[in-house]
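Asks: build me a model:
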Amino acid sequence: MIIKNVHLFYFSPTYTTKKTVKAIAEGLSTGFIEHDLTFSFESEEEFFLQEDEIAIVGVPVYGGRTPVITRDMLKKIHGNNSLAVAVTVYGNRDYDDALLELKDILSENGFSVIAGGAFIGEHSYSRKVGTKRPDDEDIAKAIAFGKEIRKKIDTDTYTKNIEVKGNFPYREDMPVKVFSPMSNKNCIYCRKCYIVCPVGAIDKKDPELVDVEKCIHCYACVKVCTFNGREIPDNPLKNVIEFLETKCSERKEPEIFI
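Replies: Residues are numbered from 1 along each chain as shown. Predicted coordinates:
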């Protein structure tokens, strides 16, 4: 099969999903059209791919599911019996039902999912879990995955609607908690946090002002600050973070389905 265009779609507040998806595309050894959905939560733009195009779609895993904010975004990506690769990136705990959920969304949107991958990125909540991942080894595996996909396409040996790990009904979404990282005494008002917030929860002029109702707890503002200028007062996720740091520190490896 000859592929006319490769489209990358990703939601990646802390860049781990973006790095992984682009590495897979590198393995395909072709140019690609990039669609960053990270700031598209209010966008009405829809995408329509043709039968000779392929989509590589990546999202982070939030509590074993696709992020709630991404589900409407993903429904705006339409295939016409087009090929797709489903990619999830999780923080070294587990991806649970997220990959299956992503695959199902793509299938419902007119795609034939021929490959899926669950990769690891540094956990949003803690730099001690999945530290600095994806690392060089992860990127190499993502590139190799892309090469394998390319070989399957070139030789017409791919399987449509592959089986991936996960359960249906999917696990319940995490309970909604209203809180947000806030600036602390280390803040120098550089406003990088405002720039990276995918939902516009941080005030443009004053990073001390935050709409906590909007915050999706992606921790992009915490990760981007090189001055340790953002933290969560009386963090309601303290017990979760302690669990992650004590029980989820052993290195996990990417899983691929093709």
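Asks: where along the stretch 1-150 of the chain do the helices fall?
Replies: For the stretch 1-150 of the chain, helices defined by DSSP state H, counting those that start in this stretch occupy the ranges 16-27, 68-74, 98-108, 136-154.
Asks: nearest to Lys128, of the ones you listed?
Replies: Proximity to Lys128, assessed across the helices of the stretch 1-150 of the chain by Cβ to Cβ, is greatest for helix 16-27 (15.2 Å). To be clear about C-beta, it is placed using only N, CA and C from the backbone, and glycine gets the same treatment.
Asks: give me the residues contacting the closest one.
Replies: With contacts defined as Cβ atoms under 8 Å, 6 or more residues apart in numbering, helix 16-27 is touched by 6, 8, 10-12, 32, 34, 36, 56-60, 85, 87, 89, 117, 119, 121-122, 133-134, 138-139, 142-150.
Asks: next, work out how far apart the residue of the chain positioned farthest from its centre and Val176 are.
Replies: In the chain, counting by Cα atoms, centre = their mean, Lys185 sits farthest out from the average C-alpha position, at 30.9 Å. According to Cβ to Cβ, to the nearest Å, Lys185 stands 29 Å off from Val176.
Asks: could you dump the helices of the stretch 1-150 of the chain to a markdown table with mean neighbour count and distance to Ser249?
Replies: As requested, the helices of the stretch 1-150 of the chain are exported to a markdown table (neighbours: other Cβ atoms under 10 Å; distance: least, Cβ to Cβ, whole Å):
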| stretch | mean neighbour count | distance to Ser249 |
| --- | --- | --- |
| helix 16-27 | 23 | 17 |
| helix 68-74 | 18 | 27 |
| helix 98-108 | 22 | 21 |
| helix 136-154 | 18 | 16 |
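Asks: give me the number of residues near the nearest residue to Ser124 once chain neighbours are set aside?
Replies: Nearest residue to Ser124, sequence neighbours excluded (Cβ to Cβ, 6 or more residues apart in numbering): Tyr219, at 4.1 Å. Other residues within reach of Tyr219, judged by other Cβ atoms under 10 Å, total 22.
Asks: roughly how far does Tyr219 sit from Glu245?
Replies: Tyr219 is 15 Å from Glu245, by Cβ to Cβ.
Asks: and the residue nearest to Ser124, backbone torsions?
Replies: Per-residue torsions, Tyr219: phi 70, psi 20 (degrees, to the nearest 10).
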